[in-house]
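**Q** sequence and predicted model, in that order:
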Amino acid sequence: MAFSPDSTLLASGSTNCTAQLWNPATGTALRTLEGHSGTVQTVAFPPNRTVRLLASGSDDGSIKLWDPATKTALNGNSPDGRLLASALGSDNSHVQLRDLTARTVLETLKGHAGPVLTVAFSPDGRLLASGSSDGTLRFWDQATRSAQQTPESDSRRVQAVGFSHDGHLLASGSDDGTVQLWDPMTGTVLQTLGVHSGKVLTVAF
């Protein structure tokens, strides 16, 4: 799930190969976005309020960009709508950065030892967070493309990450049912919330 920057829309993925747009104030469904051929595992809006895009990622191996107003598919984007981050590689352990305007690959970020399960840009676009089945969370500096790795945990896979609107916090959800709050600048855990009895598959501020 993901809220739009102005909180007027909520997007969700589904096992029926679609993404859904909702009115969070009323709980009513607004639009169904059809185009994937597999379960839609992740959705994301760019934090920039002036960029009206929704990205969806699916088990079919594709990433689609949508215009939420028209349901048009445009072929994890950055706040300015210029970059898209996605997992790739033979084992999906790399993060690929694509320039959506030039439709070119800018860089492949390597470092995780297992499949990358989730990515998110900070609101200012300076950091990219990636979570992996290897039990690590990495914060990539977009100026240097270098990463700060967090301590590894054998008991959890990082399934979901999300930045707060001011970029001062990052939340992560894991297989062990915990939600952790991080300081993105130092890569340290500020608080662990053990609230779920199953996997935490999505987080959002």
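**A** It's in.
**Q** span of stretch 123-130 from start to end?
**A** 15 Å (C-alpha to C-alpha, to the nearest Å).
**Q** and what of stretch 87-106?
**A** End-to-end distance (C-alpha to C-alpha), stretch 87-106: 14 Å.
**Q** same check on stretch 195-205?
**A** Stretch 195-205 end-to-end distance (C-alpha to C-alpha) = 16 Å.
**Q** can you give me the offset of it from its chain's centre?
**A** Once both centres are worked out by C-alpha atoms, centre = their mean, to the nearest Å, stretch 195-205 turns out to sit 14 Å from its chain's centre.
**Q** try stretch 36-45
**A** 11 Å.
**Q** next: stretch 2-15.
**A** Distance of stretch 2-15 from the chain centroid (C-alpha atoms, centre = their mean) equals 12 Å.
**Q** one more: stretch 169-185?
**A** Between the centre of stretch 169-185 and the centre of its chain there are 13 Å (C-alpha atoms, centre = their mean).
**Q** cool, stretch 130-141 as well?
**A** The answer for stretch 130-141 is 12 Å, by C-alpha atoms, centre = their mean.
**Q** what's the end-to-end length of it?
**A** End-to-end distance (C-alpha to C-alpha), stretch 130-141: 12 Å.
**Q** so which helix or strand of this structure has the lowest pLDDT on average?
**A** None of the helices or strands of the chain scores lower by mean pLDDT, DSSP states H and E than strand 72-74, at a mean of 55.
**Q** so what touches stretch 33-43?
**A** 1-2, 11-15, 17-21, 54-62, 64, 66, 71, 73, 76, 118, 202 (C-beta atoms under 8 Å, 6 or more residues apart in numbering). Placement of C-beta: from N, CA and C, glycine included.
**Q** from the residues you listed, keep the buried residues only.
**A** 1-2, 11-13, 17-21, 54-58, 64, 66, 71, 73, 76, 118, 202 (16 or more other C-beta atoms under 10 Å).
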